[in-house]
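>>> My questions are about this predicted structure, shown below with the sequence.
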Amino acid sequence: MSIQLIDDAKIAAYLMWELSGYDYPLSLWRCAEDIARFFNRSGITNEKDAVDILDKGASDETYINFVKNIAFRVYIHTDNDDRDFNWFLSERLIKNPEWRRAVVGMAAAYGVKDDGKL
């Protein structure tokens, strides 16, 4: 496993902890990995891909589905059934450039790994 992938996962999980206050770091690490895999499967493997979705605005269907997928993963890994909290946390995360770069970096690394190059 690449050192950059591990560093990106640490950053993503830390920022998720900082913004959520959730006390189980391993769950947040797994959540970050799950979100990065979602990004990878969705073809979001660079910063521009993620920013393009953000630029569509909160009323766009692509944006809504994007946030919904992240919020669902937050729910699964934190067992927090507060939909509003999960939604707003997801929006705060994707609008945070440092978190976004870390998860996009993970997604890109998973793509390389999936291609057998890592």
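Ah, there it is. Numbers count the residues shown, from 1 in each chain.
>>> quick one: least confident helix or strand in the chain?
helix 97-114 (a mean of 88; mean pLDDT, DSSP states H and E).
>>> quick one: contacts of it?
If you take CB atoms under 8 Å, 6 or more residues apart in numbering as the criterion, helix 97-114 is touched by 2, 4-5, 8-9, 11-12, 15-16, 32-33, 35-37, 39-40, 44-47, 49-51, 93-94, 118. C-betas here are computed from N, CA, C, even on glycine.
>>> hmm, 6 Å instead?
2, 5, 8, 11-12, 15, 35-37, 39-40, 45, 47, 50, 93-94, 118 (CB atoms under 6 Å, 6 or more residues apart in numbering).
>>> Okay, buried residues for it please.
Buried residues in helix 97-114, counting neighbours by 16 or more other CB atoms under 10 Å, are found at 99-111.
>>> circling back: can you tell me which of the contacts of helix 97-114 are in strands?
Counting by DSSP state E, the contacts of helix 97-114 place none of their members in strands.
>>> Any chance of a ChimeraX selection covering the buried ones in those residues?
Entered in ChimeraX, the line below selects the buried ones among the contacts of helix 97-114, by 16+ other CB under 10 Å:
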select :5,8,11,12,15,35,36,37,39,40,45,50,93,94
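>>> List the ones among the contacts of helix 97-114 that fall in helices.
5, 8, 11-12, 15, 35-37, 39-40, 47, 50, 93-94 (DSSP state H).
>>> Pick the one among the residues you listed closest to V67.
Ranked by distance to V67 (CB to CB), these are led by I94 at 7.0 Å.
>>> Report the contact partners of the closest one.
Shown in contact with I94 (CB under 6 Å, 6+ apart): R100.
>>> what's the burial count for F85?
15 (other CB atoms under 10 Å).
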